[in-house]
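Trainee: this one's sequence-less:
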């Protein structure tokens, strides 16, 4: 079992930055691929970014490429999502996810966090 706890959400103006954190706990959580998804009101959940277990490979959704960066600190068992040049359309609840497959973490991860709200004002 893997437990994920997100933090770092909040309100920011368009063009600003935020960094989300996701602390993972569990016996084998450090060997899992990790990802971020988001869901805006009335919309389907959308894949944002993923990172493999070593941190050597990353993958991004088209809408955030060049603006968001995913990273992980294996010593702290924490994954980060640095969000720059934020736009009002980035407003959503952001969820951390984990899976032992780098492929599945981008589509159907086994584990989810509770979510953190990000609101970007225009």
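Mentor: Received it, and whenever you're ready, just let me know what you need. Just so you know, these numbers come straight off a predicted model, no measurement behind them.

Trainee: give the contact list for the most centrally placed residue in the chain.
Mentor: Centroid check for the chain by C-alpha atoms, centre = their mean gives residue 36 as the closest residue, at 2.5 Å. Residue 36 is in contact with 20, 22, 48, 49, 50, 70, 79, 81, 94, 95, 96, 97, counting by C-beta atoms under 8 Å, 6 or more residues apart in numbering. The way it works is simple: take the backbone N, C-alpha and C, and place the C-beta from them, glycine included.

Trainee: equivalent analysis for residue 67, please.
Mentor: Contacts of residue 67 (C-beta under 8 Å, 6+ apart): 83, 84, 85, 86.

Trainee: turn these into a markdown table, columns for pLDDT and neighbour count.
Mentor: Output for the contacts of residue 67, formatted as a markdown table (pLDDT from 0 to 100; neighbours: other C-beta atoms under 10 Å):
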| residue | pLDDT | neighbour count |
| --- | --- | --- |
| 83 | 98 | 25 |
| 84 | 98 | 14 |
| 85 | 98 | 13 |
| 86 | 98 | 22 |
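
Trainee: quick check: the farthest pair among those?
Mentor: Spanning the widest gap among those are 83 and 85, at 8.2 Å by C-beta to C-beta.

Trainee: mutual contacts of these two, please.
Mentor: Each of 17, 67 lies in contact with both residue 83 and residue 85 under the rule C-beta under 8 Å, 6+ apart.
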